[in-house]
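Participant: fold the following.
(one chain, ligands or ions: 1)
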Amino acid sequence: MIQFLRVTGGRAHSVWHAHQNEALSRATMDNNPSVCETMLLDVPKSVAPQAQKFTAVFIKLFEHQWKTYEGQKKVSTSYQYILYEFYANSNTHSKMSARKFCVGGNWKMNGDQKSIAEISKTLSGAALDPNTEVVIGCPAIYLMYARNLLPCTVGVAGQNAYKVAKGAFTGEISPAMLKDIGADWVILGHSERRAIFNESDELIAEKAEHALAEGLKVIACIGETLDEREAGKTNEVVARQMCAYAKKVRDWTNVVVAYEPVWAIGTGKTATPEQAQEVHAFLRQWLTDNISKEVSAALRIQYGGSVTAANAKDLAKKPDIDGFLVGGASLKPEFVDIINARQ
Ligand SMILES: O=C[C@H](O)COP(=O)(O)O
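Facilitator: Take a look at the predicted model:
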């Protein structure tokens with residue numbers, strides 16, 4: 001991927017270079033820098049759509065070049081600096097985008113037909129970052145309704161599913177049923193299921209095993225309580241929860257882990273980006289040590305717990321945070337900004 005982006009970036013830059021003289025002379029003739037800017041911005045769009053993320057860098061490149069062209073000085077120094085920044089930026093971005101950012105909205109036991117229609121309208125009318133995968137965890141009774149209203153690019157998740165396909169399990173739903181009505185994901189092991197409905201690590205792992213076998217993708221939740229954090233047991237707790245999943249999950253391709261510190265859920269008390277990153281980095285290392293380097297590099301780890309539009313951007317900058325699982329804010333228009341946090 002890094003090599004691909006280097007090549008793409010390099011190719012886009014070569015074409016930019018080929019156009020810059022013409023652009024600058026046109027701008028000079030017209031005495032109008034915007035002519036030059038328009039021409040240069042067209043280059044990455046036409047040559048390398050994959051490199052559109054670097055548009056901001058091209059604007060910067062243009063600005064520096066224009067200033068130096070006017071002043072006829074330090075052209076090569078600023079040019080080298082900008083190129084350095086361009087490639088540094090490319091590498092950072094490629095590392096971050098190796099795992100597709102994934103934002104889940106967990107509506108929990110909220111919503112009715114009217115509010116679901118409104119949220120769906122907001123999401124349908126918004127420009128959602130195409131580099132972010134979006135999944136909505138909807139109450140089971142509204143899943144089909146939401147599926148029909150949400151943009152087709154948005155996945156739909158059940159918030160629970162039992163560990164067998166069918167039978168005498170009054171009140172339960174199965175992964176097969178979720179798939180049958182168009183859901184492609186299921187959220188399992190949420191702390192509310194663990195605390196209120198007494199779901200054990202083992203039951204949650206069995207549910208994950210069965211859901212994966214039925215072809216659903218799984219958001220596998222983990223996270224420590226406040227007491228556990230204060231007792232210095234955060235790593236021990238999340239490792240125990242991961243161990244339970246690992247006993248049942250053979251193929252991690254369709255799994256996203258959601259790290260949700262229980263003390264941050266619905267409390268307005270978000271983990272700082274540093275606190276979240278620390279646990280995510282621990283999980284990444286745990287995956288390397290206990291599963292494989294490949295799984296560790298590819299598995300997406302979401303952060304959940306009082307994520308809002310105000311804190312999403314800073315959290316999203318952390319290298320091991322690959323998305324969010326959002327509760328309250330996913331019911332509001334600000335969910336769009338959370339989806340677009342990496343932009
Ligand atoms: O599944 C989502 C989490 O429980 C976070 O909920 P929250 O964003 O309302 O804190």
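Participant: could I get stretch 183-203 in CSV with only the CA atoms?
Facilitator: Coordinates of each C-alpha in stretch 183-203 appear next as CSV, following Å, rounded to 0.1, in the frame of the first residue of the first chain:
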residue,chain,number,x,y,z
ALA,A,183,-28.6,-7.0,8.1
ASP,A,184,-24.9,-7.8,7.5
TRP,A,185,-23.5,-7.1,10.9
VAL,A,186,-24.1,-7.9,14.6
ILE,A,187,-22.8,-6.1,17.7
LEU,A,188,-21.9,-8.6,20.4
GLY,A,189,-20.6,-8.4,23.9
HIS,A,190,-21.7,-4.8,24.5
SER,A,191,-21.1,-3.9,28.2
GLU,A,192,-24.9,-3.4,28.6
ARG,A,193,-25.4,-7.0,27.5
ARG,A,194,-22.6,-8.1,29.9
ALA,A,195,-23.8,-6.0,32.9
ILE,A,196,-27.6,-6.0,32.6
PHE,A,197,-28.2,-9.3,31.0
ASN,A,198,-25.3,-11.2,32.7
GLU,A,199,-23.7,-12.4,29.4
SER,A,200,-20.4,-14.1,30.1
ASP,A,201,-17.2,-13.9,28.1
GLU,A,202,-17.9,-17.5,27.0
LEU,A,203,-21.5,-17.0,25.8
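Participant: so what touches that stretch?
Facilitator: 104, 106, 108, 135, 137, 143, 147, 155-161, 163, 175, 178, 204, 207-208, 211, 216-223, 225, 240-241, 243-245, 258, 260, 262, 265, 325 (Cβ atoms under 8 Å, 6 or more residues apart in numbering). Yep, even glycine has a C-beta here, placed from its N, CA and C like the rest.
Participant: now list the buried members of those.
Facilitator: Among these, those classed as buried by 16 or more other Cβ atoms under 10 Å are 104, 106, 108, 135, 137, 143, 147, 155-161, 163, 175, 178, 204, 207-208, 211, 216-223, 225, 241, 244-245, 258, 260, 262, 265, 325.
Participant: so what pairs up with the residue in the stretch 1-150 of the chain positioned nearest to the ligand in the strands?
Facilitator: Using Cβ to the nearest ligand atom, residue 106 is the residue of the stretch 1-150 of the chain that sits closest to the ligand, at 3.5 Å. Beta-bridge partners for residue 106, by DSSP bridges, are residue 137.
Participant: nearest residue to the middle of this structure?
Facilitator: Closest residue to the average C-alpha location of the chain: residue 101 at 2.3 Å, with Cα atoms, centre = their mean.
Participant: next, the contact list for it, please.
Facilitator: 129, 131-133, 316, 322-323, 341-342 are the contacts of residue 101 under Cβ under 8 Å, 6+ apart.
Participant: just to revisit the earlier point, show me the buried ones among the contacts of stretch 183-203 that map onto helices.
Facilitator: When these are checked against helices (DSSP state H), the matches are 143, 147, 175, 178, 204, 207-208, 211, 241, 244-245.
Participant: out of these, which touch the ligand?
Facilitator: Checked against the ligand using Cβ under 6 Å from any ligand atom, these give no members in range.
Participant: out of these, who's nearest residue 311?
Facilitator: Using Cβ to Cβ, the shortest approach to residue 311 within these belongs to residue 241, at 24.2 Å.
Participant: per-residue pLDDT, the closest one?
Facilitator: pLDDT for residue 241: 98.
Participant: need the contact list for the residue lying closest to it once chain neighbours are set aside.
Facilitator: Spatial nearest neighbour of residue 241, chain neighbours left out: residue 222 (4.0 Å); criterion: Cβ to Cβ, 6 or more residues apart in numbering. By Cβ under 8 Å, 6+ apart, the contact set of residue 222 is 189, 237-238, 241-242, 257-260.
Participant: can we see that at 7 Å?
Facilitator: Residue 222 makes contact with 189, 238, 241-242, 257, 259, according to Cβ atoms under 7 Å, 6 or more residues apart in numbering.
Participant: got a PyMOL select line for the buried ones in the residues you listed?
Facilitator: Buried members of the contacts of residue 222, defined by 16+ other Cβ under 10 Å, are picked up in PyMOL with:
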select buried, resi 189+238+241+242+257+259
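Participant: quick one: the strands in the stretch 51-200 of the chain, in order.
Facilitator: 101-106, 132-137, 154-158, 185-188 (DSSP state E, counting those that start in this stretch).
Participant: got a markdown table for those, with mean pLDDT too?
Facilitator: As requested, those are exported to a markdown table (pLDDT from 0 to 100):
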| stretch | mean pLDDT |
| --- | --- |
| strand 101-106 | 98 |
| strand 132-137 | 98 |
| strand 154-158 | 98 |
| strand 185-188 | 98 |
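Participant: possible to save the ones you listed as TSV with distance to residue 170?
Facilitator: Shown next, in TSV, are those (distance: least, Cβ to Cβ, whole Å):
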stretch	distance to residue 170
strand 101-106	25
strand 132-137	23
strand 154-158	17
strand 185-188	19
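Participant: shouldn't residue 333 be in contact with residue 122?
Facilitator: Yes. Using Cβ atoms under 7 Å, residue 333 makes contact with residue 122 at a distance of 5.2 Å.
Participant: mind listing what residue 182 touches?
Facilitator: 144, 147, 156.
Participant: tell me how far whichever helix or strand residue 313 is part of is from the chain's mean position?
Facilitator: Secondary structure assignment for residue 313, by DSSP states H and E: helix 309-316. When distances are taken as Cα atoms, centre = their mean, to the nearest Å, helix 309-316 is centred 12 Å away from the chain's centroid.
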